[in-house]
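Asker: Return a 3D structure for these sequence lines:
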Amino acid sequence: MTITDENCVVGIEYEVKEAGSDSVIDSNKGSQPLEFIMGKGQIIPGLEKALAGMKKDEEGDFLIPSAEAYGEYNSEAVQTLPIEQFEGVELKEGMTLYGQGEDGQTVQVIVKSFTDKDVTIDFNHPLAGKDLMFSVKVDSVREATSDEIASGVVGGAAESCDSGCGCH
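Answerer: The predicted structure follows:
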């Protein structure tokens, strides 16, 4: 079966590096495949496009430009806030903090710097502005079930995820 643009459940083994670097950013080689439903925005758009047309056991190396990965770096996504908003947090430069955005979703920020008065945080994804090199092997391809299509969850309906598993 060939990977189509949507409603295929795909399992991949991958390794990703920043383009031009030898150091691995992330990998699932030797562990469980990453499974997702094509067309649901569950992986970065450039990788989803690159996988379309591939088959089980096929391998490929793909250069994904930052615009099709985690986006361009946005300098306006850096803010300086009063240190009082971080009371009880032992701040370190480069640390990742999680908070709640205006829409109620979890927001990840990186502490860029801090003084005794304020904290500069960066809302950009840590890989924003970076071109990525993916080495991928397709482990499995199958049609999504109607439950998977409706819920967007591989292997079952969304109700199975209401136990606080952290998948939202």
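Asker: Confirm Val141 sits in a strand?
Answerer: Yes. Counting by DSSP: H, G, I helix; E, B strand; the rest coil, one finds Val141 located in a strand.
Asker: How about it, nearest residue that isn't a chain neighbour?
Answerer: In this structure, Val141 finds its nearest non-sequential neighbour in Met1, 4.8 Å apart by Cβ to Cβ, 6 or more residues apart in numbering. Any C-beta I mention is one placed from the backbone N, CA and C, and that applies to glycine too.
Asker: Tell me, how many residues neighbour the one you found?
Answerer: Other residues within reach of Met1, judged by other Cβ atoms under 10 Å, total 11.
Asker: Can you tell me how far Lys130 is from Phe123?
Answerer: Computed as Cβ to Cβ, to the nearest Å, the Lys130 to Phe123 distance reads 16 Å.
Asker: out of these two, which sits in the more crowded spot?
Answerer: A direct count of neighbours by other Cβ under 10 Å for Lys130 and Phe123 places Lys130 higher, at 21 against 16.
Asker: now Lys49, what's its secondary structure?
Answerer: Three-state assignment for Lys49 (three-state DSSP): helix.
Asker: Touching, it and Pro65? I think so.
Answerer: No. Applying Cβ atoms under 8 Å, one finds Lys49 not in contact with Pro65, separated by 11.1 Å.
Asker: how far away is the residue nearest to Val141 from Ser146?
Answerer: 18 Å.
Asker: Please consider this matter closed, and thank you.
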